[in-house]
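Q: Build me a model:
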Amino acid sequence: MSVEAALTIADTVLFEGYMLYPYRANDPKNRVRWQFGVLAPPAFAASDPSERDHLQTDCLIEGHDISLTVHARFLQVQRRTVEAARAGGFTPVDSLDVGDTTFLPWDEAIVRDATVELALPGRGALTSSHEIRLPGGAEIEPLIDNSRTGGRLVRERWPLAASLTVAVDPFPGPYGVRRLRLRLANRTEWLPSAGSTEPERPDALRHALVAAHLLVEANHGAFVSLIDPPEWAKAYAQECEQVGAFPVLAGPPGDRSIVLASPIILYDHPEVAPESVSQFCDATEMDEMLTLRTLTLTDEEKRQVRGSDPRGAVLVDQLDDLAPEVMDRLHGAIRSMTSVARRPAADPQPDPAPWWDPVADAGFDPETDVVLVNGVPIGRGACVRLRPGARRSDAQDMFLDGRAATVAAVIFDVDGASHLAVSLDELAEDGYHPHGRYLYFAPDEVEPIVREGQ
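A: Next up, the predicted model:
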């Protein structure tokens, strides 16, 4: 289970930046993809100082008679062209409508996992090198609508060559800790295409190891955190060098048998947020914002997303069918900043505590407290008209002048001053009430509204 959880995190790293909102191949943003963990072919890296052809990560490991499983994981890019059926054959086109999908030319990617297993000798040193070779290939996928072939997708990928070097060196001292150095390097031969009108980077990416990272499992061994090493290991941790990746403990809290060397900054024991139900592949992973934006795509734009990449098609379909209770979970969560013991999922959960401390604040109750405004008692549920005061410095407050709002709570600050938490009536249908998104005004910045029946 620890490995499966670590692979979930590793897959998130793998597809971070794979495709960017609005998830269409013809959008300019998606022409500058794959910024994380790119190991370019050496000839391209030599010509561009912003690129590298290798990553290196150093770990600290304890134990003896350790066996390691090293996963070198990355994406291999493949070019996809779209061809329309014409009399006697197929012709490349810029787009093709088939059924409910508009297919567009696009660079896809497939997951690669090169696995190396090796045993570390006793407490001694070791250097081991391993070649990774992946063949090129081509596939053809017919596009059929109503039993008629409207065209086809042609996918082509090029061979990749890489090397993985594992070196183990013992540190002097009584602790028996060793440095584990892993180096993954692209060895693919590449030259710019003669006469090509494309920028060099998209072509070089087809010969690159994209989103490259390492996942290392240790049997009979334990890794030492480099983020928060124990006092005795701090000097050893300073001897570790990282190039293009940083190792973190990737198992659950308390497990030190797995590390993930990621090109994206992570913390020890990372987790995918339980509220996240979709892989947005977007390098930002702001689930609520991306969900809402994707839902606003027009039907024509969704046709293009489905035709850009299979993962985009899955994403759109998932969000179109998102249940309301799942959507509610995306509005936010509060978690402790420190490690806490986790309850089993089956345990009953206690009733949520009020957001104020009833003991320390026994004299206050935002649910029932009232303040007088122009001689009218104002409390939860009261209707007011907003009149932002001159002391406010936010220019946007002027747009709230005269708006009707409903009071959600009366709040007192540490100096004893009172404030009204309000929600705009015109936004009530957008969910401001249940999710606690309030605006705050002093009593002298509102006017009571007396409605019929009050």
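
Q: From here on, just use CA atoms for contacts and neighbour counts.
A: Will do.

Q: residue closest to the middle of this structure?
A: Glu285 (4.1 Å; CA atoms, centre = their mean).

Q: in a helix, that's where that one is, yeah?
A: No. Counting by DSSP: H, G, I helix; E, B strand; the rest coil, Glu285 is not found in a helix; it is coil.

Q: Would you mind measuring from it to Tyr21?
A: Glu285 is 10 Å from Tyr21, where distance means CA to CA, to the nearest Å.

Q: before we move on, what about Leu226?
A: As judged by CA to CA, Leu226 and Tyr21 stand 34 Å apart.

Q: More neighbours: which of those two?
A: Leu226 (22 against 19; other CA atoms under 10 Å).

Q: Next, Ile265: secondary structure please.
A: Classification of Ile265 using three-state DSSP returns coil.

Q: same check, this time on Lys302
A: Lys302 is classified as helix under three-state DSSP.

Q: Do you know the pLDDT at the residue lying closest to it once chain neighbours are set aside?
A: Excluding its sequence neighbours, the residue lying closest to Lys302 (CA to CA, 6 or more residues apart in numbering) is Val316, at 7.2 Å. If you check Val316, the pLDDT there is 92.

Q: And Val316, its phi and psi?
A: Per-residue torsions, Val316: phi -60, psi -40 (degrees, to the nearest 10).

Q: do the same with Val77
A: The phi/psi pair for Val77 (degrees, to the nearest 10) is phi -80, psi 140.

Q: thought it was touching Ala204?
A: No. The criterion here is CA atoms under 8 Å, and Val77 misses it with Ala204 at 9.9 Å.

Q: burial count for the closest residue to Trp158 other than its chain neighbours?
A: Leaving aside its chain neighbours, Trp158 sits nearest to Gly136 (4.1 Å; criterion: CA to CA, 6+ apart). By other CA under 10 Å, the residues close to Gly136 number 12.

Q: any idea of the pLDDT on Ser146?
A: One correction, residue 146 is Asn, not Ser. The model reports Asn146 with a pLDDT of 83.

Q: Quick check: the gap between it and Thr101.
A: 14 Å.

Q: What are the buried residues along the longest helix seen in the chain?
A: For the chain, the longest helix by residue count, based on DSSP state H, is helix 2-14. Buried residues in helix 2-14, defined by neighbour count with 16 or more other CA atoms under 10 Å: 3, 5-7, 9-14.

Q: with the residues you listed in mind, which one is nearest to Pro230?
A: Ala6 (23.0 Å; CA to CA).

Q: Buried residues of the helix or strand where Glu108 lies, list them for me.
A: Using DSSP states H and E, the element containing Glu108 is strand 106-119. Neighbour counts using 16+ other CA under 10 Å place 106-109, 112-113, 115-116 of strand 106-119 among the buried residues.

Q: what's in contact with that strand?
A: 25, 65-81, 130, 132, 308-309 (CA atoms under 8 Å, 6 or more residues apart in numbering).

Q: can you list the residues that contact the lowest-mean-pLDDT helix or strand in the chain?
A: Every helix and strand of the chain was ranked by mean pLDDT, DSSP states H and E. The lowest is helix 324-329, at a mean of 82. Outside of helix 324-329, the residues within contact range by CA under 8 Å, 6+ apart are 275, 288.

Q: If we go by neighbour counts, what in the helix or strand following that helix is buried?
A: Where DSSP H and E defines the elements, the next helix or strand beyond helix 324-329 is strand 370-373. For strand 370-373, the neighbour count (16+ other CA under 10 Å) marks 370-371 as buried.
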